[in-house]
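Engineer: Sequence below, structure please.
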Amino acid sequence: PIHDLAGAGSLFFATRRGLVKRTALGQFQNIRTSGIQAILLEEGDELVDVAQVADEASEILLATASGQLVRFALGEVRPMGRATYGVIGVRLSEETDDRVVAMAPVSARFPTLLSLTSTGYGKQTPVAEYRKTARGAKGVRTIKTGDRNGSVVAVLPATDASELLVTTRTGVTIRMTVKGIRHPVAEPPVGVRVTP
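Structural biologist: The predicted model follows:
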């Protein structure tokens, strides 16, 4: 929850088509009961995630279904008004139906990222291993996708003490600690089995 809309900081938006937008918290002080426009979306696009970010020193992570991840400085996205479109955050592959599946601010509280795929594979990687790129870059590989792994469905900030609940398409829920998902040394990173 956000307790002080008049305070410093921004809301950071990410869309399925790779657009990002930053808007000062103060822009959301007087919200009518019928709501207000927070972002404009092109036809066929949709909002993937929204996060509160504190200052210019923050960094943002965007992950795609094809296994790419871009890490860039918040300062590369200038603040905009509410009723505006975003700017390119990650360059999506044109050969595949790629899309953004996750967005998260980098936080010292969560030193690792957990990548999960549609076929139940996962990989834990220290955030420091992802090199910083420019906004709008294609990014670096976070986990291999394809026949065995499927596509990336989630990328979550985590610690070794974090717990993970995964629910499969058949309705089975699995609870595990992130510590049990090791960081594979294979290149490209293929991940380990998370679900049965």
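
Engineer: Just give the closest residue to the residue nearest the centre of the chain, not the sequence neighbours.
Structural biologist: Among the residues of the chain, the smallest C-alpha distance to the mean C-alpha position (C-alpha atoms, centre = their mean) belongs to residue 103, namely 1.8 Å. In space, and not counting its chain neighbours, residue 103 is closest to residue 14: 3.7 Å by C-beta to C-beta, 6 or more residues apart in numbering. Bear in mind the C-beta positions are built from the backbone N, C-alpha and C, glycine included.

Engineer: Hmm, residue 48 and the one you found touching each other?
Structural biologist: Yes: with contact defined as C-beta atoms under 8 Å, residue 14 reaches residue 48; the gap is 5.0 Å.

Engineer: So if I had to pick from these two, which one is more boxed in?
Structural biologist: Each of residue 14 and residue 48 has its neighbours counted (other C-beta atoms under 10 Å); residue 14 has more, 27 against 20.

Engineer: what's the more buried one sitting at in phi/psi?
Structural biologist: In this entry, residue 14 is assigned phi and psi values of phi -130, psi 140 (degrees, to the nearest 10).

Engineer: how near is it to residue 45?
Structural biologist: 11 Å (C-beta to C-beta, to the nearest Å).

Engineer: again, but for residue 87
Structural biologist: The span separating residue 87 from residue 45 equals 13 Å under the rule C-beta to C-beta.

Engineer: what do those two both touch?
Structural biologist: Any residue near both residue 87 and residue 45 by C-beta atoms under 8 Å, 6 or more residues apart in numbering counts here, and that gives residue 19.

Engineer: residue ranges with poor pLDDT in the chain?
Structural biologist: Within the chain, the set of residues satisfying pLDDT under 70 comprises 1-8, 57, 182-196.

Engineer: all strands in it, in order from the N-terminus.
Structural biologist: With strands called from DSSP state E, the chain shows them at 10-15, 19-24, 47-53, 59-64, 68-73, 87-88, 100-105, 112-117, 121-126, 140-141, 152-158, 163-167, 173-177, 192-193.

Engineer: Between the ones you listed, which one is closest to residue 133.
Structural biologist: Taking C-beta to C-beta as the measure, the strands of the chain were each checked against residue 133, and strand 68-73 came out nearest at 5.1 Å.
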